[in-house]
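Student: got a predicted structure here, sequence first:
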Amino acid sequence: MQTLLNSKISRYEQNTRDLATDLYALQEKSDDDYRQFLAEWCHKQPVAGVIYKKMNDSLIEFWAEDFVQRYDFKARRDSKWVMLNSVEEMVLASPLVSANPESVSALLANTTRNQEMSQFLLNNRGHLVSIPRVSRDTRVSFMLVTGSRSDKVRPVGFVIVDYDVYLIIQNLTKEIKNQVALHDDDGSLQIDIALGQVKDGRIELIDELTSAAINRNHAVRQMESCYKLKKEIQWSDRTGQTEVFSLSYFDQNLPLVVVTQISRSISSNAVNFWWLPGVYALLVIALVILITRAIFIAPAQQLIKGLEEIASGNLEHQLVLDTGDEFESIGNECNNMTESLIEKARLEQYVSAEVLDEIRRTTEVELQPGGERVAATVLFASLHIHDPAETQHSAAKLELLNLFLGISDAICTQNAGRLDKIIGHTIMMVFRSSISDTHHQEMACTAALQIKSALESSGMDKKFVFSAGLSTGTMISGKIGSRNGKLDYT
């Protein structure tokens, strides 16, 4: 029964792939032509509706009237709109579309809230899947419209088909009711099959696919237990002179539960099922393995995979382990660690490495005003506006200043200095002596000349006048400020 159901479901998945191919062939058509084509396609399929989103263009949809009247149509349609837009954002951030995918991906990481769902759709494209809290009575099939089987071709759009599960079940019932033996009795064993559908949280037996000889109440109770656990369950029971072995299977694609009962009559002259204890032992071992895998192995594998992703440099990756045990605690701590690393990286963009090192090395008591006398040279580099009328309200002014700061910071670091202050159009850079570099005056002079040369090469000297000044000698380096207020390191 399970194999037959899966083969029938695969046909609907192929229909979605064929639809994507047909939509690709309609690229030059108008939106009305698309809408008419979708309406004709939907009338032939057990679907609630179809949404087609063109890349960076319009969104075209068609919904069955009876579905709109029976369900909360607006909420479901809006949720699928959001999914398609999120998928489009992720595709636009890929190397297939963006010339600079790293920067675009970083932007989308902060703006897209549906990344997990979008990734789920992309990974399961072409398959019939259930989306929690969105498609309780429907199943979704998503495809990229590329006109090719290759994933390396830029798509022209995205299509999502919302199949009505109960229409699919009706069609399946008509197709397979004559292909399955619901009752079989060879004299010693009696085999009965029952198929039930989950509707509004309750089990309803499908009469056309339920054996008339099966205990219906007993089958419904077994189906309810199987549906709650979402996995296969085995039972064995003995009532009077009848021994029964049952197997329940929950279909992951459709809200269907299958129960197979094997029963035999017991008499004083009957031969015992000598093999049943061995079967029971194997079933128990298999159940223990499944439980162990679900509780320990699967979360550990998920944790390892997430840590490998973080180790590869993707600090934005979050570990989602809803296990309620130590694995979830480890995942939360790893997420806190990556957030701290991201915050540290962002902080280093605004605070010099020397200041951060000083904060790490000192305690709260030591973070008080004070300093030490050191031999150093301070380089003051400044830009003066060459033509005030031209740049006073120009948007290019800020861009030129940022370029000046970037050039100065890089050259300062190359010459063993550090950028200490930014005061208007002036940068304060400090060069100190160390064991290996004692000529701080020479390093400061070299940096000033290199900055001047770099500005001339960039053409900035035509709009700004560069000037530099040096101050060398013994000075105080440390924390300056109030004991109870803000501190500045200089």
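Tutor: Great, that's in hand. The shown structure was predicted, so the numbers you read here are calculated from the model rather than taken from an experiment.
Student: only C-alpha atoms for contact and neighbour calcs from this point on.
Tutor: Noted.
Student: quick one, strands of the stretch 301-450 of the chain?
Tutor: 370-385, 417-423, 426-432 (DSSP state E, counting those that start in this stretch).
Student: what is the burial count for residue 200?
Tutor: 9 (other Cα atoms under 10 Å).
Student: please tell me how far it sits from residue 255.
Tutor: 10 Å (Cα to Cα, to the nearest Å).
Student: and the strands of the stretch 301-450 of the chain: which comes nearest residue 50?
Tutor: strand 417-423 (56.9 Å; Cα to Cα).
Student: for the strands of the stretch 301-450 of the chain, which one ends up most surrounded?
Tutor: strand 426-432 (a mean of 21; mean count of other Cα atoms under 10 Å).
Student: which helix or strand contains the residue most central in space within the chain?
Tutor: For the chain, residue 116 is the residue whose C-alpha lies nearest the centre (Cα atoms, centre = their mean; 2.8 Å). Using DSSP states H and E, the element containing residue 116 is helix 115-123.
Student: okay, and for the stretch 351-490 of the chain, where does confidence drop off?
Tutor: 351-371, 385-396, 434-438, 461, 479-490 (pLDDT under 70).
Student: all helices for it, in order.
Tutor: Applying DSSP state H, counting those that start in this stretch to the stretch 351-490 of the chain gives helices spanning 353-361, 388-391, 396-414, 440-458.
Student: tell me the contacts of residue 125?
Tutor: 141, 142, 143, 144 (Cα atoms under 8 Å, 6 or more residues apart in numbering).
Student: also residue 444?
Tutor: By Cα under 8 Å, 6+ apart, the neighbours of residue 444 are 377, 378, 379, 415, 417, 430, 431, 470.
Student: show me what the third one bridges to in the sheet.
Tutor: When you say that, I think you mean residue 379. Beta bridges link residue 379 to residue 429, residue 470 when assigned by DSSP bridges.
Student: you'd agree it is up against residue 467?
Tutor: No - the criterion here is Cα atoms under 8 Å, and residue 379 misses it with residue 467 at 10.5 Å.
Student: packed most tightly, which of the helices of the stretch 351-490 of the chain would that be?
Tutor: helix 440-458 (a mean of 18).
Student: state the three-state secondary structure for residue 41.
Tutor: helix (DSSP: H, G, I helix; E, B strand; the rest coil).
Student: begin at 20 from here
Tutor: All right, first residue 20 from here; so that's residue 60.
Student: and the gap between it and residue 37?
Tutor: 11 Å.
Student: mind giving me the domain split of the protein?
Tutor: For the chain, automatic domain parsing gives the domain ranges 21-188, 200-292, 308-366, 386-508.
Student: so for residue 299, which of those domains sits nearest?
Tutor: domain 200-292 (8.6 Å).
Student: on that earlier part again, kindly reformat the domains of the chain as a markdown table containing distance to residue 298.
Tutor: Compiled in a markdown table, the domains of the chain are given as follows (distance: least, Cα to Cα, whole Å):
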| stretch | distance to residue 298 |
| --- | --- |
| domain 21-188 | 21 |
| domain 200-292 | 10 |
| domain 308-366 | 15 |
| domain 386-508 | 72 |
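Student: identify the farthest-apart pair in the contacts of residue 463.
Tutor: The widest separation within these (Cα to Cα) is 14.9 Å, between 434 and 489.
Student: pLDDT below threshold where in the stretch 120-269 of the chain?
Tutor: Short version for the stretch 120-269 of the chain, where the test is pLDDT under 70: 120-134, 151-156, 168-171.
Student: what about 50?
Tutor: 120-132 (pLDDT under 50).
Student: need the helices for it, in chain order.
Tutor: 120-130, 134-142, 184-195, 235-248.
Student: can you give me the end-to-end distance of stretch 245-265?
Tutor: Termini of stretch 245-265 sit 12 Å apart (Cα to Cα).
Student: quick one: distance of it to the chain centre.
Tutor: Relative to its chain's centre, stretch 245-265 lies at 39 Å (Cα atoms, centre = their mean, to the nearest Å).
Student: quick one: contacts of it?
Tutor: 266-269, 276, 278-286, 302.
Student: filter those residues to the buried ones?
Tutor: Neighbour-count burial (16 or more other Cα atoms under 10 Å) applied to these gives 266-269, 276, 278-285.
Student: quick check, nearest of those to residue 75?
Tutor: Closest to residue 75, out of all of the buried ones among the contacts of stretch 245-265 and judged by Cα to Cα, is residue 269, at 40.2 Å.
Student: that closest one: what's it in contact with?
Tutor: For residue 269, the contact set (Cα under 8 Å, 6+ apart) comprises 245, 246, 249, 250, 251, 275, 276, 277.
Student: now do residue 449
Tutor: 395, 396, 397, 398, 436, 437, 438, 439, 463.
Student: span of stretch 61-79 from start to end?
Tutor: Span of stretch 61-79 from end to end, Cα to Cα: 13 Å.
Student: check stretch 149-162 too.
Tutor: End to end - Cα to Cα - stretch 149-162 spans 15 Å.
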